[in-house]
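*Asks:* Provided below for reference: sequence and predicted model.
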Amino acid sequence: VDKRVGAPYVHLCVKTSSIPYHRLSGLYPSLFADVVRGEPRAAKFFAGSWRDPAALLARARRAVERGIEPGVLDVLRGRHRELGAPPECAASLDVLGRGAAVVVTGQQPSVGLGPLYNLYKAAGVIRLAREVAEAGVPCVPVFWNHSDDTRGGDRVAFPDRENQVRELTLPAGDAGRLLYEAGSPEALRMFALALGEALPATEFSERLGELLRS
């Protein structure tokens, strides 16, 4: 009990630890793990080390010198207008048009949304682009919507509340189709119901269920 206010409280202690990628070899390609830990045989395939800020800035300066083709910039402007992008996006395109480096990340669309992972990736690319710009090299972030993902099949898999993989068999007519893009109403209803049952209950569960059903 906190004697100052006369109310009980809970003191939580959280410990975090870093797990090197090479210990997760079953989840990542070996080349990726070797690049991350600086394996010389893997590093020779790249122009510079991602751990070397000076090398990154040098590459960014070369990108500024190359510039961007006007046709590409026109397509980007048009697409952003179609999407109703905010003013910050238009400002970034203006910087890109004057000559800038680009930091790129992206993610495949997901029928289950997965917004937090997407936000982490977007925040990361924005931060790196700002660091490059603060070092004196114009730079803008780009989030690539990987909408040409070709994965399809007769089932969809996702983790449940115990972090176990749960598989849902799709209707016969949906086999081989991308659920987020061309799934039938029946398949999408099945998925929304199964995912709702699998996820832990939180204050967001009701709204998430509404989004999935819609």
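*Replies:* Good, I have the coordinates. Numbers count the residues shown, from 1 in each chain.

*Asks:* which residue sits closest to Arg98 in space, ignoring its chain neighbours?
*Replies:* Leaving aside its chain neighbours, Arg98 sits nearest to Pro138 (7.1 Å; criterion: C-beta to C-beta, 6 or more residues apart in numbering). Where you see a C-beta, it was placed from the backbone N, CA and C, and this is true even at glycine.

*Asks:* dump the residue contacts of the one you found.
*Replies:* Neighbour list for Pro138: Val64, Val95, Arg98, Gly99, Ala100, Ala101 [criterion: C-beta atoms under 8 Å, 6 or more residues apart in numbering].

*Asks:* Run the chain-centre distance for the lengthiest helix in the chain.
*Replies:* Across the chain, the longest stretch assigned as helix under DSSP state H is helix 115-134. On the basis of C-alpha atoms, centre = their mean, to the nearest Å, helix 115-134 sits 10 Å off its chain's mean C-alpha point.

*Asks:* and the helix or strand that that helix is followed by, which strands flank it?
*Replies:* Toward the C-terminal end, the helix or strand that comes next after helix 115-134 (DSSP states H and E) is strand 139-145. Strand 139-145 has the following sheet partners, assigned by DSSP bridges: strand 101-107 (parallel).

*Asks:* How about the strand it pairs with, which residues are buried there?
*Replies:* Judged by neighbour count using 16 or more other C-beta atoms under 10 Å, the buried positions of strand 101-107 are Ala101, Val102, Val103, Thr105, Gln107.

*Asks:* my read: the first one touches Ala60, true?
*Replies:* Yes - judged on C-beta atoms under 8 Å, Ala101 makes contact with Ala60 at a distance of 3.7 Å.

*Asks:* what touches both of these two?
*Replies:* Val132, Val137, Cys139.
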